[in-house]
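Enquirer: Compute the structure for the input listed below.
(one chain, ligands or ions: 2)
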Amino acid sequence: MSTLQQYKCPCCDGAIEFDSSLQKMKCPYCDTEFEMETLLSYDNELKNEQADNMTWDTKAGSEWQEGETDGLREYICNSCGGEIVGDETTAATSCPFCGNPVVMMGQFMGA
Ligand SMILES: [Zn+2]
Ligand SMILES: [Zn+2]
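Expert: Ligands and ions are numbered 1, 2, ... in the order given. Got it, this is the predicted structure:
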């Protein structure tokens, strides 16, 4: 039984446990039941999304450097060095990678 992988509930992010009476995975926090198959495909989707995001990051980065930056500003997160993109109206946001609050100083220079 200890070989079971740990899954997170897509609804509440709680740890899902295998309910042997139901023969299903069940979230003890929000009572949502999952078929193993559903979880496995959900898991695969997550992996695919992560792969997609990585490609997207690289591509988008180079595109923007080539002048697709109309109204977009790039900032580097002080905390994790991640690239944060905001538009001209964005004064403050938070880093999508580490959640660090980012104040887009210099945004109003020349405006
Ligand atoms: Zn849940
Ligand atoms: Zn960050």
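Enquirer: hey, let's count contacts and neighbours off CA atoms from now on
Expert: Fine.
Enquirer: what pairs with the residue nearest to residue 34 when sequence neighbours are not counted across the strands?
Expert: Nearest residue to residue 34, sequence neighbours excluded (C-alpha to C-alpha, 6 or more residues apart in numbering): residue 25, at 5.0 Å. Beta-bridge partners for residue 25, by DSSP bridges, are residue 18, residue 34.
Enquirer: tell me the contacts of residue 25?
Expert: Applying C-alpha atoms under 8 Å, 6 or more residues apart in numbering, we find residue 25 in contact with 16-19, 33-36.
Enquirer: Please apply the same query to residue 76.
Expert: 82-84.
Enquirer: Next one: it from ligand 2, what distance?
Expert: 8 Å (C-alpha to the ion, to the nearest Å).
Enquirer: and after the helix or strand bottoming out on mean pLDDT in the chain, which helix or strand comes next?
Expert: The least trusted helix or strand in the chain, going by mean pLDDT, DSSP states H and E, turns out to be helix 36-65, with a mean of 66. Later in the chain than helix 36-65, the nearest helix or strand by DSSP states H and E is strand 72-76.
Enquirer: Now do the same for residue 9: its pLDDT.
Expert: On the pLDDT scale, residue 9 is placed at 89.
Enquirer: Quick check on it: phi, psi?
Expert: phi -70, psi 130 (degrees, to the nearest 10).
Enquirer: Tell me if I'm right that it and residue 16 touch.
Expert: Yes: the pair residue 9 and residue 16 qualifies as a contact (C-alpha atoms under 8 Å) at a distance of 5.8 Å.
Enquirer: Now list whatever residues contact both of those two.
Expert: Common neighbours of residue 9 and residue 16 (C-alpha under 8 Å, 6+ apart) are residue 27.
Enquirer: Let's see which of the contacts of residue 76 end up in strands.
Expert: Judged by DSSP state E, these include 83-84 as members of strands.
Enquirer: Residues of this structure that sit close to ligand 2?
Expert: With C-alpha under 5 Å from the ion as the criterion, the chain meets ligand 2 at residues 77, 79-80, 95, 97-98.
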